[in-house]
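[1] the sequence isn't on hand, but the structure is:
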């Protein structure tokens, strides 16, 4: 769920100073601290919880739209009450678990509280991926080099931009399945599809990817070759080019010679 700020910062700062916006505002706090790093709420009828704020000066809370913080601004130390809306989908049923962050801002300083709310486990959007050395047809995989996970092409062609990920051991937890690419066995290798079902292929002499809603007649078959270091050489059968994270541009392309790092594949794990 996309978070939004409940109060425009400029208006909140005016209220914070308890004066007209035409008056010169007082400086924000040089330090802000909170006594809790995280909060967890039940999915429905959740009891409010409190956070102690310690600040040397004025501070402002930036809050996602499903949470409420009272007061959401102040001066010096304060006890704030955090409340959560019921976690419902638009049809009134229980939504999946959700997470957000409350930021208490000062002057170039902030303190953050991570907030989680329970929900329907079957609607949990998060996915866990584990590093693998072999591919199972029909499974979804992250394409990762270092901490850069490939993102699907947004249009009909392009390079693969990246999202930064955190690798813990041999696992990566993602907030959604959006970065997963499905590898399906076909004659001569594998077809690659993104989360929307679009096929990835190459055409002409270009180093980027083309995408199609149906399996193209050529350029859409890829072979996989495991390397001794655990990376995977993913080669387009038609062009002979292989997927790499370009060291100059920081995007994934398909090249005939070395341009960067080969990716590691992380397989989506059952819930």
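    Yep, that arrived. Only a predicted model underlies this, so the values are computations on that prediction, with no experimental measurement involved.
[2] need the contact partners of stretch 184-198.
    Contacts of stretch 184-198 from elsewhere in the structure, counted by C-beta atoms under 8 Å, 6 or more residues apart in numbering, are 135, 137-138, 140, 152-153, 177-183, 199-200, 211-213, 215, 220-224, 234, 237. All C-beta spots, glycine's among them, are computed from the backbone N, C-alpha and C.
[3] report the buried members of those.
    135, 140, 152-153, 179-183, 199-200, 211-212, 220-222, 234, 237 (16 or more other C-beta atoms under 10 Å).
[4] and the closest residue to residue 214 other than its chain neighbours, what is it in contact with?
    Distance criterion C-beta to C-beta, 6 or more residues apart in numbering; nearest residue to residue 214, sequence neighbours excluded, is residue 199 at 7.0 Å. Counting by C-beta under 8 Å, 6+ apart, residue 199 makes contact with 191-193, 211-216, 220.
[5] now, which of these sits nearest residue 243?
    For residue 243, the closest of these turns out to be residue 192, at 9.2 Å, with distances computed as C-beta to C-beta.
[6] next secondary structure after the strand or helix carrying the closest one?
    Using DSSP states H and E, residue 192 maps to strand 189-193. Sequence-wise, the next helix or strand downstream of strand 189-193 (DSSP H and E) is strand 199-201.
[7] now for the helix or strand that that following strand is followed by, which elements pack on it?
    On the C-terminal side of strand 199-201, the closest following helix or strand by DSSP H and E is strand 209-212. Counting contacts by 3 or more C-beta pairs under 8 Å, 6 or more residues apart in numbering; DSSP states H and E, strand 209-212 is packed against strand 157-158, strand 199-201.
[8] check contacts around the residue most central in space within the chain.
    Nearest to the geometric centre of the chain sits residue 175, at 5.4 Å (C-alpha atoms, centre = their mean). Residues in contact with residue 175 (C-beta under 8 Å, 6+ apart) are 99, 125-126.
[9] look up the pLDDT of it for me, please.
    pLDDT recorded at residue 175 is 91.
[10] coming back round to it: now the contacts of residue 199 in JSON lines, with pLDDT and distance to residue 171?
    JSON lines is the format used below for the contacts of residue 199 (pLDDT from 0 to 100; distance: C-beta to C-beta, whole Å):
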{"residue": "191", "pLDDT": "98", "distance to residue 171": "26"}
{"residue": "192", "pLDDT": "98", "distance to residue 171": "22"}
{"residue": "193", "pLDDT": "98", "distance to residue 171": "23"}
{"residue": "211", "pLDDT": "98", "distance to residue 171": "28"}
{"residue": "212", "pLDDT": "97", "distance to residue 171": "32"}
{"residue": "213", "pLDDT": "96", "distance to residue 171": "32"}
{"residue": "214", "pLDDT": "97", "distance to residue 171": "34"}
{"residue": "215", "pLDDT": "97", "distance to residue 171": "31"}
{"residue": "216", "pLDDT": "96", "distance to residue 171": "33"}
{"residue": "220", "pLDDT": "98", "distance to residue 171": "30"}
